[in-house]
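A.B. asks: Model the following, please.
(2 chains)
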2 protein chains.
Amino acid sequence: MTKVSIIGSGNLAQHLIQAFQLNSQIELVQVFARNKKSVAHLLDSDAITSDYSQLQVADVYIIAVSDDAIAEVSSQLPFENQLVVHTSGTVDLDTLHDKNRKGVFYPLQTFSKNKVVDFKTIPICLEAENKTDLQLLKKIAHSISDSVYEISSEQRKALHVGAVFVNNFVNYLYQIGNEICEDNQIPFDILKPLIQETANKIVTLSPKEAQTGPAKRNDLKTIAAHEQFLTDENQATIYKLLTQSIQNNGKKL
Amino acid sequence: MTKVSIIGSGNLAQHLIQAFQLNSQIELVQVFARNKKSVAHLLDSDAITSDYSQLQVADVYIIAVSDDAIAEVSSQLPFENQLVVHTSGTVDLDTLHDKNRKGVFYPLQTFSKNKVVDFKTIPICLEAENKTDLQLLKKIAHSISDSVYEISSEQRKALHVGAVFVNNFVNYLYQIGNEICEDNQIPFDILKPLIQETANKIVTLSPKEAQTGPAKRNDLKTIAAHEQFLTDENQATIYKLLTQSIQNNGKKL
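C.D. replies: Residues are numbered from 1 along each chain as shown, chains lettered A, B, ... in the order given. Predicted coordinates:
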């Protein structure tokens, strides 16, 4: 069995703990949590430590902490020449301390505290300094996910920017849709099937093929009516920019 | 049985034809199609006409044509004081010709030619000049959908703008995500589970509660790194505007 320890106790750490616990190929050796209570509902107390010197031997140490803490945490580890990976979409491999072998184990998904996710469908992006470590990471990743990719640090940065567009920004557009509904005494529920179908469409069509709407068909009358309707300056500015951008097909504005 | 005729042969008309054909409470009397071939695969030829003077008696005539053609088509109808409804999210009730009783039967969904949609989950927004007509439209709408709303012309305009944000603009952000992947030799498939989960999240959380990301947590370091990464001017402009907008929580920029 592959021995895994997790450093961290946040959202992602907790999802990983649960995924590895369900897994017969992985032995979850230990979890490091500054506040032991934060993961006490998931593990026996003797499998939790808040003391770096108490960390036991494992095949890989997965650091699942906030981006800013990765360098510091990896420097605190009281051993050398072990495989230590972080789980961040944005942080360089080299941010990990040099005393250990470095890698990345980045599950690309949005994790909420109270929403169970099916790890099988979550893409895991891997990076390692040497082939043997990469093979081990692949084995671990495949044990919880059907979707495993080798991704360089440069590509991971690009992916993270892409994720901001399709997750953070998309959700913000949902919020604007919600605001427009509320301002006009319309239940936001009316837009939810459209939101689902918009996401479902691109499973079979490319986004370019799936694009519809007044901007795409250059329907200037509808665009003018919408711009007149939007009295909220923030909403109007976003409407104008995205409409122009679709009209110009992404070419320089 | 309620007698329904459909004027039009495009995407929506075809989806409505199929929904009514499956329905025991509705008799689909006739379809008007300028080009009879366009719906010949769906109906017997004697149920299709391209001649307004051949339109038979029905309880409601549903005009499912492009927005710009609604006024002209409704003026061509060779009868008076019948219930005539259009299916548009943007067109005023009053755009329909005065000689008939007016109404709106607007299914709020994105319809693709080759993608079957389940009408049961599609919200249908109704409007009518009088109560009896509204009741009839409700009956028809409930026969194909579980989600029926009475929506005024003003509210319908707001809804359509909201739909542009959560459908057209969201899909365009998917396209940018796709471009970023392609430019960095990353399969777009890696982002698809995130796209699905982003849409699924707001079934249980409000978009405001679901918002995450560098802009939301005001992570200036990551934002600066992303802005540096985005060399495409169009992508960079959109990134900056949406980031600022999330940081300011929608307040004036």
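A.B. asks: drop to CA atoms for contacts and neighbour counts, all remaining ones
C.D. replies: OK.
A.B. asks: Could you say which helix or strand holds A:Y106?
C.D. replies: strand A:101-107 (DSSP states H and E).
A.B. asks: Show me the helices in chain A, by range?
C.D. replies: Along chain A, counting by DSSP state H, helices occupy A:11-21, A:70-76, A:131-144, A:153-163, A:170-183, A:192-204, A:207-210, A:220-229, A:233-247.
A.B. asks: could I get those helices as CSV with mean neighbour count?
C.D. replies: Shown next, in CSV, are those (neighbours: other CA atoms under 10 Å in any protein chain shown):
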stretch, mean neighbour count
helix A:11-21, 19
helix A:70-76, 16
helix A:131-144, 18
helix A:153-163, 23
helix A:170-183, 23
helix A:192-204, 20
helix A:207-210, 18
helix A:220-229, 15
helix A:233-247, 19
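A.B. asks: For these, give me TSV that also has distance to chain B.
C.D. replies: Listed next are the helices of chain A as TSV, based on distance: least, CA to the nearest CA, whole Å:
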stretch	distance to chain B
helix A:11-21	13
helix A:70-76	14
helix A:131-144	14
helix A:153-163	4
helix A:170-183	4
helix A:192-204	5
helix A:207-210	5
helix A:220-229	6
helix A:233-247	6
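A.B. asks: For those helices, please prepare CSV with the additional fields distance to B:D94 and mean pLDDT.
C.D. replies: Below are the helices of chain A laid out as CSV (distance: least, CA to CA, whole Å; pLDDT from 0 to 100):
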stretch, distance to B:D94, mean pLDDT
helix A:11-21, 53, 94
helix A:70-76, 62, 97
helix A:131-144, 58, 97
helix A:153-163, 44, 95
helix A:170-183, 23, 98
helix A:192-204, 26, 95
helix A:207-210, 31, 94
helix A:220-229, 16, 94
helix A:233-247, 26, 97
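A.B. asks: Including distance to B:V104, could the ones you listed go into JSON lines?
C.D. replies: Listed next are the helices of chain A as JSON lines, based on distance: least, CA to CA, whole Å:
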{"stretch": "helix A:11-21", "distance to B:V104": "47"}
{"stretch": "helix A:70-76", "distance to B:V104": "57"}
{"stretch": "helix A:131-144", "distance to B:V104": "50"}
{"stretch": "helix A:153-163", "distance to B:V104": "39"}
{"stretch": "helix A:170-183", "distance to B:V104": "19"}
{"stretch": "helix A:192-204", "distance to B:V104": "19"}
{"stretch": "helix A:207-210", "distance to B:V104": "26"}
{"stretch": "helix A:220-229", "distance to B:V104": "18"}
{"stretch": "helix A:233-247", "distance to B:V104": "26"}
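A.B. asks: Tally up the residues packed near the closest residue to chain B within the stretch 1-150 of chain A, please.
C.D. replies: Going by CA to the nearest CA, chain B is nearest to A:Q109 of the stretch 1-150 of chain A, at 5.2 Å. For A:Q109, the count of nearby residues is 24 (other CA atoms under 10 Å in any protein chain shown).
A.B. asks: Give me the pLDDT for A:K252.
C.D. replies: A:K252 carries a pLDDT score of 52 in this model.
A.B. asks: Which among the helices of chain A is found nearest to B:A236?
C.D. replies: helix A:153-163 (10.6 Å; CA to CA).
A.B. asks: re earlier: where's the residue of the stretch 1-150 of chain A closest to chain B relative to A:V117, distance?
C.D. replies: 9 Å (CA to CA, to the nearest Å).
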